[in-house]
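S.K.: Give me the fold of what follows.
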Amino acid sequence: MDIQSEKLDLIQWLAELDDLRMIKLVSSLKLSNELREEPLPAKLKSGLDEAIQNIEDDKTFSLENVKNQAKKKFPELFK
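M.R.: Residues are numbered from 1 along each chain as shown. Take a look at the predicted model:
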């Protein structure tokens, strides 16, 4: 989905939203974004972009999978 479609989808969702708590949460996010003095460092932004792309490409691991791998690698921590 391109960015314009994403924005339109969010606008539509917000317009139909009746949950005051969720509206306040979105407003808080907007305000914190406006108050940020400096843009994200390039390295952090590229890392976030890569993470988002991995999620979109379904290149993620389930929590259960991560737990099982950790138990195999570090069994002494799970006694």
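S.K.: can you give me the helices for the protein?
M.R.: Ranges of helices within the chain are 3-16, 20-35, 42-56, 63-73, based on DSSP state H.
S.K.: hey, least reliable of those by pLDDT?
M.R.: Of all the helices of the chain, mean pLDDT reaches its minimum on helix 20-35 (a mean of 88).
S.K.: which residues are contacting it?
M.R.: Contacting residues not belonging to helix 20-35 are listed as Leu14, Leu17 [C-beta atoms under 8 Å, 6 or more residues apart in numbering]. To be clear about C-beta, it is placed using only N, CA and C from the backbone, and glycine gets the same treatment.
S.K.: Just the angle for it relative to helix 3-16, thanks.
M.R.: 140 degrees (axes from the mean of the first three to the mean of the last three C-alpha atoms, to 10 degrees).
S.K.: all numbers from here: first residue = 96
M.R.: With 96 as the first residue, the last one maps to helix 115-130.
S.K.: can I get the CA coordinates of helix 115-130 in PDB?
M.R.: C-alpha atoms of helix 115-130 as PDB (Å, rounded to 0.1, in the frame of the first residue of the first chain):
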ATOM      1  CA  LEU A 115     -12.200   8.900  23.100                       C
ATOM      2  CA  ARG A 116      -9.200   7.000  24.700                       C
ATOM      3  CA  MET A 117      -7.900   6.100  21.200                       C
ATOM      4  CA  ILE A 118      -8.400   9.600  19.900                       C
ATOM      5  CA  LYS A 119      -6.400  11.000  22.900                       C
ATOM      6  CA  LEU A 120      -3.700   8.500  22.200                       C
ATOM      7  CA  VAL A 121      -3.500   9.500  18.600                       C
ATOM      8  CA  SER A 122      -3.500  13.200  19.600                       C
ATOM      9  CA  SER A 123      -0.700  12.500  22.100                       C
ATOM     10  CA  LEU A 124       1.300  10.800  19.300                       C
ATOM     11  CA  LYS A 125       0.800  13.700  17.000                       C
ATOM     12  CA  LEU A 126       1.800  16.200  19.700                       C
ATOM     13  CA  SER A 127       5.000  14.200  20.600                       C
ATOM     14  CA  ASN A 128       5.900  14.100  17.000                       C
ATOM     15  CA  GLU A 129       5.400  17.900  16.700                       C
ATOM     16  CA  LEU A 130       7.500  18.600  19.800                       C
END
